[in-house]
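> Sharing a model that was predicted from the sequence below.
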Amino acid sequence: MLTVRPPREELAGLLVTGPFADALRVAIRVRGLSLERLQHRLRVRGAPISVTALSYWQSGRRRPERPESLMALAHLEDVLGLRRTALSRLLGPPRPRGRSRRREASAGTRWDSSGLVLTAQHDRVDVAPCGGVRGVRSRQVMQATSTGVDRWVLCQETGSAQPALTAVRSCQVGRVARERTSGVLVAELVFDEPISAGESIAIEYELTYPRPTAEHTHFRRFAERVHDYVLEIKFPHGSAPASCEQFASVPAGAETPGGARTAAVDDSGRAHAAALDFGPGLYGMRWSVAANDSGSSSQGK
């Protein structure tokens with residue numbers, strides 16, 4: 001007997017596994033708004049987008065890749081009552097858009113990149129005494145599926161903070177767009193040299209926040225399987241967390257059995273978690289700060 005899941009339950013799973021088009025289509029159905037009403041609400045917010053574009057996005061014929069489209073998507077998530085980056089995280093690497101698109105190799109001639117497959121991700125998170133995140137250094141290993149690939153487009157939820165983006169290895173920061181309302185950062189990381197189909201590249205970049213964030217967690221959502229993901233958390237000396245655990249989620253959105261377990265923090269204040277051949281799904285770590293003698297959480301300067 002065929003079992004049909006309720007739309008909200010279906011949406012919860014699609015927001016973890018994707019694909020983007022299916023998640024958007026079900027989210028619109030759950031919200032109960034026509035494409036014309038969505039267009040009107042986006043236009044009021046200063047993010048005009050055509051009904052045709054919205055239709056293409058939910059059908060999978062096209063996807064948001066240009067800066068103005070990604071900004072509109074950030075507003076669309078809010079209109080649909082979704083968490084920030086709930087849909088944009090499902091986009092993954094931008095797709096090739098024809099031979100002429102692949103032949104472009106000079107920096108600054110286009111915003112979106114050609115096909116890249118993420119094979120490995122390594123995040124190192126620096127935590128403040130208050131428990132918030134001060135910065136994240138990321139290393140990504142990617143393999144090209146077409147020739148002339150010269151950039152990766154970063155789409156990162158940053159909340160109300162405005163972190164500084166620094167290229168560390170094998171890339172330079174290109175164009176940057178920030179959406180203060182939705183707290184999304186979109187930026188180009190232009191490779192030092194273009195790569196060809198089958199070749200791999202490892203880049204590093206860092207986000208540094210002007211003040212620690214309010215979140216006591218860090219996670220990645222993978223729409224496709226990734227060969228390995230390593231997450232390291234560095235707590236300040238003398239400020240060991242009250243608790244620290246790693247967690248993972250399955251496509252249906254619930255945490256996997258045994259997916260949440262305690263993560264050891266060593267004498268230097270470091271904890272780590274690693275996942276091999278993981279995805280689709282969500283993987284991360286969360287922690288809580290220790291209370292001081294007065295019973296309140298310690299605060300960093």
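Arrived safely. Given the structure is predicted, the values throughout are model-derived calculations rather than measurements.

> So residue 237: helix, strand or coil?
coil (DSSP: H, G, I helix; E, B strand; the rest coil).

> Revised request: answer the last question for residue 33.
coil.

> List the residues that contact it.
By C-beta atoms under 8 Å, 6 or more residues apart in numbering, the contact list for residue 33 reads 41, 79-80. C-beta coordinates here come from the backbone N, C-alpha and C atoms, glycine included.

> Residue 288 versus that one, what's the distance?
Between residue 33 and residue 288 the distance is 38 Å, computed by C-beta to C-beta, to the nearest Å.

> One more: residue 242?
On the measure of C-beta to C-beta, residue 242 and residue 288 end up 5 Å apart.

> ok, which stretches of the stretch 1-150 of the chain are helices?
7-17, 20-31, 35-44, 51-59, 67-79, 99-103 (DSSP state H, counting those that start in this stretch).

> Columns distance to residue 166, mean neighbour count and mean pLDDT on top of these, output as JSON lines?
Formatted as JSON lines, the helices of the stretch 1-150 of the chain follow (distance: least, C-beta to C-beta, whole Å; neighbours: other C-beta atoms under 10 Å; pLDDT from 0 to 100):
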{"stretch": "helix 7-17", "distance to residue 166": "30", "mean neighbour count": "19", "mean pLDDT": "80"}
{"stretch": "helix 20-31", "distance to residue 166": "29", "mean neighbour count": "20", "mean pLDDT": "91"}
{"stretch": "helix 35-44", "distance to residue 166": "32", "mean neighbour count": "16", "mean pLDDT": "89"}
{"stretch": "helix 51-59", "distance to residue 166": "32", "mean neighbour count": "16", "mean pLDDT": "88"}
{"stretch": "helix 67-79", "distance to residue 166": "20", "mean neighbour count": "21", "mean pLDDT": "85"}
{"stretch": "helix 99-103", "distance to residue 166": "28", "mean neighbour count": "12", "mean pLDDT": "35"}
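
> Need phi/psi at residue 63.
phi -140, psi 150 (degrees, to the nearest 10).

> host element of the nearest residue to residue 241 once chain neighbours are set aside?
Counting by C-beta to C-beta, 6 or more residues apart in numbering, the nearest residue to residue 241 once its immediate chain neighbours are dropped is residue 287, at 4.2 Å. In this structure, residue 287 is located in strand 281-288 according to DSSP states H and E.

> pLDDT below threshold where in the stretch 201-301 of the chain?
250-259, 291-301 (pLDDT under 70).

> Show me the strands in it, by range?
217-222, 226-234, 243-249, 261-262, 270-278, 281-288 (DSSP state E, counting those that start in this stretch).

> out of those, which comes closest to residue 145?
Taking C-beta to C-beta, strand 226-234 is the member of the strands of the stretch 201-301 of the chain nearest to residue 145, at 15.3 Å.

> which outside residues touch that closest one?
So strand 226-234 is in contact with 118-127, 218, 220, 222, 244, 246, 263, 269-279, 283-285, 287, going by C-beta under 8 Å, 6+ apart.

> let's go with 7 Å and repeat that
By C-beta atoms under 7 Å, 6 or more residues apart in numbering, the list of residues contacting strand 226-234 from outside reads 118-127, 218, 220, 244, 269-279, 283-285, 287.

> of those, buried ones?
In these, burial by neighbour count holds for 118, 120-127, 218, 220, 244, 269, 271-273, 275, 278-279, 283-285, 287, counting by 16 or more other C-beta atoms under 10 Å.

> how much space between the spatially closest residue to residue 49 that is not a sequence neighbour and residue 221?
Distance criterion C-beta to C-beta, 6+ apart; nearest residue to residue 49, sequence neighbours excluded, is residue 72 at 4.5 Å. Distance of residue 72 to residue 221, computed by C-beta to C-beta: 21 Å.

> same check, this time on residue 28
If you go by C-beta to C-beta, the gap between residue 28 and residue 221 works out to 20 Å.
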